[in-house]
Structure formats: C-alpha cells, structure tokens
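Colleague: Output the structure for:
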Amino acid sequence: MLEIDGAFGEGGGQVLRSSVALAMITGQPFRIFNIRGGRSKPGLMRQHLAGLNAAATICQAKTRGLELRSREVTFQPGSVTAGDYTFKIGSAGSVCLVLQTILPALLTAKDVSRVAIEGGTHVPFAPTYEFLDQVYFPVLESMGARIDRKLVRPGFMPAGGGRIEVEIHPVLELDPLELVDRGTLSQIEITAAVSGIPVIVAEREIEAVREVLDQQVSPEMIESQVVQLPRQFGPGNAVHTKVESASGLAMFTGLGQRGVRAETVGKRLGKVVRRYLSSSAPVGPHLADQLLLPLAMAGKGKFVTRKPSEHTATNMKVIETFLPLQFRTRELEDEDVQIEVVGL
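Modeller: Here you go, the predicted model:
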C-alpha cells in the first residue's frame, strides 16, 4: 500500500484529490496522513469528504477515516462502475473539484456515466463551472474525450445550492496533447454575472478590467457582457475573462466579496490577465495544474506554461508516485517552462 504524506509540497487538498483519482485509475490502494497539513485548518472539510465518498461509491472502495476533520484516510479501490450518480456536498464546497476527482476514472469506465453534483459552482480557490465548460473540457475533448454538461443552477458562497450535470463517455485512451505555442491573440471576452446584486456592480467590474487591459490590448479586441441571473440564486457575483488565441485558450476569474469594491475585483482580475498576456505561453497557471493527470493518462505530450507553482510541482510528484512516468521541465525565455511527460 502506498504511503502519501498529505503535508508534502503545497500541503493542500490537491494531494488528496490526485491520490484518489490515481488510485481509481490504477487500482493501487493508499494511506494518506497529515491530510491538508499545510493549511491553517487541516483535515477533511465537507468538500473533500464529498469527493472521497463519491469516489468510493463509483469504485466500490474499502475505506477508513472518512469523517469531517479526519487527518488520515485509507482508500482501497475496487472496479470503476459506470452509472447514474447524484452527489450532494451539503455546503458551498466546490462541485467542480469533486467532479475533477472522479472524472478521470469515469473516462476509463465501460459505459456512459451521468453525474449530478450539488454545492458551490462559483467559490474561492476552485475552478468555476465556466472554466470547466469553456477551457478544461474543450482541451480534454481535443484529446478524444466526450463530456456533455449543463449548469442547472449556480451556487455562490456561502449558501451553495448550485447543481451541475455531466454525461461522461468512456474513451479507450486519451490522445497525446501538445500545446507549446499560443499564436496570435484573437479575442478577449469579459463576462460579469450577478445574482441578487445591482447590475451596476458588474458594469463597474468590466470597466475596471478594461482599464487595465487597455494598456496592453487594443480596445477593439475586447468584448464584454453582463449576465443577470435570477435573484433566488444569490447573492453572488463572478467576472470571467477569457483569452482566445490561435492555439491557446485561458480563463481567469474574479469573485465579488462583501466589503470589496467592484473596481478592486476588476483591477485584480485585469492584472492577472495582463501577466498572462505578457508571456507567450499558451497554458495558464490553473489549467497547467489540471492538465497534468490527463497528460499522464495519455502517456505522452507536453505544454508550455509560466513558471510552475508549488501546487503544480506537488501534483507532478503525486502522479509520479502512482504511475511509471516522469515529468520533465525545461526552462524557456521570459520565465516560460515546458512540461513534458515521458515513460520510464
């Protein structure tokens, strides 16, 4: 049985999620201790527990330690079983992170799976539904996956209550991925959504993002829109900026917070986008971390991103623990880095 130190590297929930996903794929049991040891509140939170329970249900795993605040878990996977599943986090925990835990294994199942997850769809420290729908899933589809999806209703902090539904079609093997050149910038789209909040907030956020990007991008290349969601889904606010280029796609998100001015949310987001535009790397920092496991499943491929975060470096080490492969990094110009997976 593999032994995983949950405090390793960045010491967060990604160590746990990747370990569970890899155990489901490989059939290797593991014990993880010091779960989220690098966080101020270590142990399993409701979101992590929901992901573990979902994974255990799908692969009929034998488990120990699945309870709130637990700092040690044993996970012995069985066979991955396709089916119709509904998982409820019971809080505003991220539905997207739960989905990313179980998605790789369901791509290897023998039949189509339909999964509904309820919780938070637009919450801090997690990808939003739009990021999965418009960036992450399209990359997986370019590798041969087929994932039909729908946002039934959004869920913001602190209430949650969101719901996504996905239909995951099995694939014999993923095709290798190669994203090494962004190409010419084609368009930037800013979308600000509000629920139970005045529309003027979204308009101010968009204007703040534009003010930052106008220093680097022609205004004619920037499109924007305000989306007013039904009041009962709120209060909540999210602003997304999608960057499209010849062979690259990236999205960055700002979430409204009580007591934080709309201009502050927009300027922070604009500066993150501007940093991405100052590089020639096609893969943004968040997508880079999430592409590692699909790349490993394909067994071959490479992409260029900015200097990897500790989060990404930790994820690479966890994947190498479960699979007979190695990630090689090569420094390029302007702090860009190429990440390539090779078999041992």
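
Colleague: Next up, the contacts around the one residue sitting closest to the centre of the chain.
Modeller: The chain has Pro127 as the residue nearest its centroid, 4.4 Å off, counting by C-alpha atoms, centre = their mean. Contact partners of Pro127, counting by C-beta atoms under 8 Å, 6 or more residues apart in numbering, are 94, 96-97, 100, 136, 286, 290. (Each C-beta comes from the backbone N, C-alpha and C, glycine too.)

Colleague: domain parsing for this protein?
Modeller: 1-78, 185-277 (automatic domain parsing).

Colleague: which residues of the stretch 151-300 of the chain score low on pLDDT?
Modeller: For the stretch 151-300 of the chain, no stretch is flagged by pLDDT under 70.

Colleague: Which stretches in it count as helices?
Modeller: Along the stretch 151-300 of the chain, counting by DSSP state H, counting those that start in this stretch, helices occupy 199-213, 262-277, 285-298.

Colleague: Tell me the helices and strands packed up against the helix or strand following the last one.
Modeller: Toward the C-terminus, helix 285-298 is succeeded by strand 301-306 as the next helix or strand (DSSP states H and E). Helices and strands in packing contact with strand 301-306 are listed as strand 177-179, helix 285-298, strand 336-343; criterion 3 or more C-beta pairs under 8 Å, 6 or more residues apart in numbering; DSSP states H and E.

Colleague: Out of those, which one sits most buried?
Modeller: helix 285-298 (a mean of 22; mean count of other C-beta atoms under 10 Å).

Colleague: Which parts of the stretch 51-200 of the chain are strands?
Modeller: Ranges of strands within the stretch 51-200 of the chain are 62-64, 72-76, 84-88, 113-119, 146-153, 162-169, 177-179, 185-195, based on DSSP state E, counting those that start in this stretch.

Colleague: Leu292 versus Asn237, what's the distance?
Modeller: Separation of Asn237 from Leu292 (C-beta to C-beta, to the nearest Å): 31 Å.

Colleague: hang on, I meant Ile319
Modeller: Computed as C-beta to C-beta, the Ile319 to Leu292 distance reads 6 Å.

Colleague: how far is stretch 101-112 from where the chain is centred?
Modeller: Mean-position distance between stretch 101-112 and its chain equals 17 Å (C-alpha atoms, centre = their mean, to the nearest Å).

Colleague: quick one: buried residues of it?
Modeller: Residues 101-109 are the ones in stretch 101-112 that count as buried (16 or more other C-beta atoms under 10 Å).
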